[in-house]
Structure formats: structure tokens, C-alpha cells
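Visitor: Build me a model from this:
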Amino acid sequence: MSGVGFACTGVRAERYAVGPTLQFGLRITAETPDTRVHAMALRCQLRVEPGRRRYGPAEEARLADLFGTRDRWPHTMHPLQFAQVSTVVPGFTGSTEIELAVPCSYDMDVAAARYFAALAEGGIPLLLLFSGTVFSGPQGFAVHPVPWDREANCLLPVDTWREMVEQHFPGCGWLRLPGAAMDALLEYRSRHALPSWEATVAALLAHAETPEVAAP
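Guide: Model prediction:
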């Protein structure tokens, strides 16, 4: 057996996952229609390829902290690591279709999440890179590696990403802080008897925007 091929058939947001999760549809095809695959231990690395799409002025501004100004993009807009997942593919003959569950982060310190949040519309170009082990053979088991050159392109709709995020964090965003900063923020909230973190941040922003009065 010389190998298997892969194609992405679509992406959807998983409504019933504990955390943000995308389901990628995969079509897996063996070398010949009558090839029997008993099982497959499959690994998939997903990369964002930002150079494969166009960007509007608003998106350009939001991407400045990732890639700099547009004139620098040819040198700074490199692929971004998105995720790496594993699964076991049940046995099939010839070809099969599965869904690959990919847990996602909404942490804005993660480059891929910041990139997704910066996009207004359209699709997110992804490259899926496959590896793993194939157990095949008409009688008994023959073990073959998934060739390292196996890959598939995928276009993740921005609307699908937003749907997934809204299912778990409706109207919210996340900000990660060091422990010392979090303790100071908690002390400020307690000292001023503020009812929520939203009120705490709003009070700090209002204080920061108040012009300082010079001492006489």
C-alpha cells in the first residue's frame, strides 16, 4: 500500500462541546477502491496561511500588532500554528468520511486567535498536514506510515469561527493576567466595592481618561 489521500469537505461549529470546538469533515481515500484499511492512527497539524487572502483597511489596522504595517507583510506574514490533534479512524474499504474534532482557544495571547478575531468576513485559509499509521491488508495486518507529504487545503468561514465563539462566550472576550496583576485588580475591586469585573475595568478606564489636575 503506497498511501492514502485526504480532502477537507467542510467545517462546522460543534454545538454540544464542553469548550469551543470545530468539526472538520475529512474524506480519506485509499490507493485503490478495493483496498481494505482496518484502522488508522491519524495525526493532523493545522496551520493558518494568512498570505492566501486579501484584507480590507479595518482588518489591516487590527493585524498591525501581528504583522506590522502592510509594506512589511511580505517579510512578516508567515504561517501561524493553529492546532494539532489526533484521532483513530475506523476500518473502511476504498474511502470513508469522518469528522475531526479540533478544540480551539479564545485566548488573545495566542496568535491564531488574535488573527481570527481581526477578520471581518470571508474565509480563513488553512493547511492541514497529516501523518500517522495505517493498518491494512486483505488478510492480517500490514503496517504503513501515512506519507509525510499528505496535506489538504481548507477555507474556514469567519462566520463559522464567530458562531463557535458566541456559543461559549456570548458577547465576551478574555484577558489573561499575571498573578500579581490579578491580585492587585482584586484588591482594587474589593476596596471600591465594585459588583463585577466589568465594573472594575470600567472604573479603571474612567479614571485613566480623567484629566489630571495640576497641583497649585
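Visitor: tell me which element Ala208 falls in.
Guide: helix 197-209 (DSSP states H and E).
Visitor: got a list of contacts for that helix?
Guide: 185, 188-189, 192, 194 (Cβ atoms under 8 Å, 6 or more residues apart in numbering). (Glycine included, C-beta is placed from N, CA and C.)
Visitor: and if we set it to 10 Å?
Guide: 172, 175, 185-186, 188-190, 192-194, 196 (Cβ atoms under 10 Å, 6 or more residues apart in numbering).
Visitor: Ok, stretch 50-57 next?
Guide: 59, 61-63, 66-67, 70, 73-74, 76-80, 111-112, 115, 118-127, 153, 155.
Visitor: Which members of those residues occur in strands, if any?
Guide: 80, 123-127, 153, 155 (DSSP state E).
Visitor: Return the set of buried residues in the lowest-mean-pLDDT helix or strand in the chain.
Guide: Lowest on mean pLDDT, DSSP states H and E among the helices and strands of the chain sits helix 197-209, with a mean of 88. Neighbour-count burial for helix 197-209, counted by 16 or more other Cβ atoms under 10 Å, picks out Thr200.
Visitor: would you list every one of the strands in this structure?
Guide: Going by DSSP E, the chain shows strands at 4-13, 21-30, 36-48, 80-89, 92-93, 95-103, 123-136, 142-145, 151-157.
Visitor: Buried residues, the third one. List them.
Guide: Which is strand 36-48. Here strand 36-48 shows 36-37, 40, 42, 44, 46-48 as buried, counting by 16+ other Cβ under 10 Å.
Visitor: Check the gap between the residue lying closest to Ala142 once chain neighbours are set aside and Pro195 for me.
Guide: Counting by Cβ to Cβ, 6 or more residues apart in numbering, Ser136 is the residue found nearest to Ala142 once chain neighbours are left out, at 5.5 Å. Counting by Cβ to Cβ, to the nearest Å, the separation of Ser136 from Pro195 is 62 Å.
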